[in-house]
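Colleague: Have a look at this fold, sequence not included:
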């Protein structure tokens, strides 16, 4: 089979369309420089095998699930991955071949998901050995099934010393760290300043604050609602852009505030088809002691919850006025965002009551307000969860609970705190009917907001449980918006997604945070980069005023889910991956859109934007002693693409390289192509 790919080169931007292929067109964020406007047609040959269908025989049925894909096609999927991600150990090159241009590639590779790992060491310790015949044995693992779940073998500036879940993690300095030149002018090089990094799990704010105030930590998580307690202790107020500081008294902390960039949000997410075995839905029936699995499948119930949340109180009292209310998945200053269209949700108890009365959970065609067997009369019970230690999410959940219960005395909600890894496991399984969680963007584009929130393969979208037709419509709109190059057209396409998300109230939209950073006055070299989920410890240092210059102590509120770079997709895990591993390239200090060499000392991009070649640095060793080679960099990407855990980060690499979102989608399409089924 041949797929014809046409690129329209317009004003320095390349837009791709795929004829007869399932690859979605890609939006270009960074430009590929060209001299002329032209169209280039390229034929990409895809070799597939199919059993001929005898004349007159019924056509074969389409394959619709991953477990139906034949073994030979699964081998070919792996071979396709290896053909798209090639290496040459002699030349020390890693080469990526893209199906269509995708400018965020460099942003993806500057994060930790594709950090090289030692292929031989991984195989010796029981992970995939690179054999295309066996990759499915390692597909979609649980976090604890990875050999990198609680150990690491990276090349980074710190090495794991121990992990005591629920208590603390300790890492020691890599004395043989490979970097000999500064990362940027005035940047770090050689072994880290700190001999040790310790992260203590301290969920209770009062304890955390007392330790911070006593000088027992170098960094601590400070929830926004408690800034009034720490602000009187601030001695320097700093501009995060100019990094100039002004003395404000004799306090012990330095404060950076007003940090924007639209990169972090917090919303409530609904699950419209909760598995019956979930412990969060009580009896699982419309009997006053639980909720049915499809409770949030009724749009009026979703709208009722949205009308019962007091946005102004939350922003003013919890966020201390330092947050922007959201009206959809797309944040301010992105294509598709309009502060008035769709209108901002509003707290309206009367509307909340009316929406509940319009619901029809027993599906008899009679509104609940007129039906003794429906929710307004029966009432309901459910549990709403948040991750323990996150007081902003706790207060938001309690606020929603109180307002819902005030509308009808038969409505009951319990708020449950779960440890971070357990919370993620329940959330990803779709067991929590409504939950509050944040999103830190992976790359700076509206696609990285609508895909995770609304796509069938999205980090949160996969558990939404939207009706099949509506999900298909969202997926098509997301693909179409991503393909557009003209800014006006792109804006309208993303705005249409924003409007439809509001119309169907797919989530209870919360806030876009405006961030603060507190640190003791003895800290040095901090800078703000919206890509970083936590302080860049390798670049930090301390003055002689510090009580202990040898150890960086961070007070946090949750364990990581994993130390596996290909698996991690939460902030706690990513903080440690940044310390244990090195990406191929690195952001240039505070710039999220400029890059410097890391394990790749240089790179080249072809004129058509389809080929990226990285030159792998020599003389780098993994923590366990192995030498870094080009095949290690390729293996890390192969492994990530093929393991591809549900709701994980690898959708971005499938999207970038193949134009798909999951290995399952790609395998199913290849199998159907082999059968001659469209």
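Modeller: Yep, that arrived. Because the structure is a prediction, the values reported are computed rather than measured.

Colleague: C-alpha from now on. contacts and neighbour counts both.
Modeller: Noted.

Colleague: distance of the spatially most central residue of the chain from residue 321?
Modeller: Central residue of the chain (C-alpha atoms, centre = their mean): residue 569, 5.4 Å from the mean position. Separation of residue 569 from residue 321 (C-alpha to C-alpha, to the nearest Å) stands at 29 Å.

Colleague: on that earlier part again, does the residue nearest to the centre of the chain really touch residue 649, like I thought?
Modeller: Yes. The pair residue 569 / residue 649 is scored as a contact, 5.9 Å apart, by C-alpha atoms under 8 Å.

Colleague: Residue 669 versus the nearest residue to residue 160 once chain neighbours are set aside, what's the distance?
Modeller: Closest residue to residue 160 apart from its sequence neighbours, by C-alpha to C-alpha, 6 or more residues apart in numbering: residue 171 at 4.3 Å. Per C-alpha to C-alpha, residue 171 is found 44 Å from residue 669.

Colleague: Hmm, residue 325 and residue 343 touching each other?
Modeller: No. When contacts are counted by C-alpha under 8 Å, residue 343 is not listed as touching residue 325 (10.8 Å).

Colleague: With neighbour numbers in mind, choose between the two.
Modeller: Between residue 343 and residue 325, counted using other C-alpha atoms under 10 Å, residue 325 has the larger neighbour count: 22 against 13.

Colleague: Got the confidence number for that one?
Modeller: Predicted confidence (pLDDT) for residue 325: 95.

Colleague: do the same with the one 3 residues further on
Modeller: Here, the pLDDT recorded for residue 328 equals 97.

Colleague: separation between it and residue 64?
Modeller: 31 Å.

Colleague: Neighbour count: the two, which is higher?
Modeller: The neighbour count for residue 328 versus residue 64, taken as other C-alpha under 10 Å, is higher for residue 328 (34 against 14).

Colleague: Pretty sure that one sits in a helix.
Modeller: No. Counting by DSSP: H, G, I helix; E, B strand; the rest coil, residue 328 is not part of a helix but coil.

Colleague: wait, what's in contact with it?
Modeller: Residues near residue 328 by C-alpha atoms under 8 Å, 6 or more residues apart in numbering: 342, 498, 499, 501, 502, 509.

Colleague: which SS class is the last one?
Modeller: The one in question is residue 509. Following three-state DSSP, residue 509 is assigned to strand.

Colleague: Tell me where the stretch 101-250 of the chain has helices.
Modeller: 105-109, 119-124, 205-213, 227-230 (DSSP state H, counting those that start in this stretch).

Colleague: for these, which one ends up most surrounded?
Modeller: Mean neighbour count (mean count of other C-alpha atoms under 10 Å) peaks for helix 105-109 among the helices of the stretch 101-250 of the chain, with a mean of 20.

Colleague: circling back to that earlier point, name the nearest of the contacts of residue 328 relative to residue 145.
Modeller: Of all these, the one with the least separation from residue 145 (C-alpha to C-alpha) is residue 509, at 34.2 Å.

Colleague: which residue sits closest to residue 280 in space, ignoring its chain neighbours?
Modeller: residue 383 (4.9 Å).

Colleague: Assign that neighbour to helix, strand or coil.
Modeller: For residue 383, the assignment made with three-state DSSP gives strand.

Colleague: let's have the chain start at 28 instead
Modeller: From this message on, residue numbering opens at 28, which makes the last subject residue 410.

Colleague: hang on, it packs against residue 311?
Modeller: No. Under the criterion of C-alpha under 8 Å, residue 410 makes no contact with residue 311, lying 11.6 Å away.

Colleague: The two: which is more packed in?
Modeller: Per other C-alpha under 10 Å, whichever of residue 410 and residue 311 has more neighbours is residue 311, with 24 against 20.

Colleague: residue contacts, that one?
Modeller: The neighbours of residue 311, taking C-alpha under 8 Å, 6+ apart as the test, are 303, 317, 318, 319, 320.

Colleague: hmm, try it at 6 Å
Modeller: When contacts are counted by C-alpha atoms under 6 Å, 6 or more residues apart in numbering, residue 311 touches 317, 318, 319.

Colleague: show me the contacts for the residue nearest to residue 307.
Modeller: 307, 440, 441, 442.

Colleague: In a strand, residue 284, correct?
Modeller: Yes. Counting by three-state DSSP, residue 284 is found in a strand.

Colleague: That one bridge partners, please.
Modeller: residue 543 (DSSP bridges).

Colleague: What count of nearby residues applies to it?
Modeller: By other C-alpha under 10 Å, the residues close to residue 284 number 15.

Colleague: can I assume it is in contact with residue 546?
Modeller: No. Counting by C-alpha atoms under 6 Å, residue 284 does not reach residue 546; the two are 11.7 Å apart.

Colleague: Nearest residue to residue 247 in space, please, no chain neighbours.
Modeller: In space, residue 247 is closest to residue 582, 4.5 Å off (C-alpha to C-alpha, 6+ apart).

Colleague: Doesn't that neighbour belong to a helix?
Modeller: No. Using three-state DSSP, the assignment for residue 582 is strand, not a helix.

Colleague: Identify the residues contacting it.
Modeller: 226, 227, 247.

Colleague: Quick one: buried ones out of those?
Modeller: 226, 227, 247 (16 or more other C-alpha atoms under 10 Å).

Colleague: With distance to residue 488 and pLDDT as extra columns, can I get those residues in TSV?
Modeller: Shown next, in TSV, are the buried ones among the contacts of residue 582 (distance: C-alpha to C-alpha, whole Å; pLDDT from 0 to 100):
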residue	distance to residue 488	pLDDT
226	31	98
227	32	98
247	31	98
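
Colleague: Just these: which are in strands?
Modeller: Counting by DSSP state E, the buried ones among the contacts of residue 582 place 226, 227, 247 in strands.

Colleague: Out of the residues you listed, which is nearest to residue 653?
Modeller: Closest approach to residue 653 among those (C-alpha to C-alpha): residue 226, at 27.5 Å.

Colleague: Distance to residue 233 added to the ones in strands among the buried ones among the contacts of residue 582, as CSV?
Modeller: Compiled in CSV, those are given as follows (distance: C-alpha to C-alpha, whole Å):
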residue, distance to residue 233
226, 17
227, 14
247, 12
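
Colleague: Distance of the residue nearest to residue 594 when sequence neighbours are not counted relative to residue 382?
Modeller: In space, and not counting its chain neighbours, residue 594 is closest to residue 675: 6.3 Å by C-alpha to C-alpha, 6+ apart. Using C-alpha to C-alpha, we find residue 675 at a distance of 35 Å from residue 382.

Colleague: now swap in residue 200 and tell me
Modeller: With C-alpha to C-alpha as the criterion, residue 200 and residue 382 are 57 Å apart.

Colleague: same check, this time on residue 219
Modeller: Distance from residue 219 to residue 382, by C-alpha to C-alpha: 57 Å.
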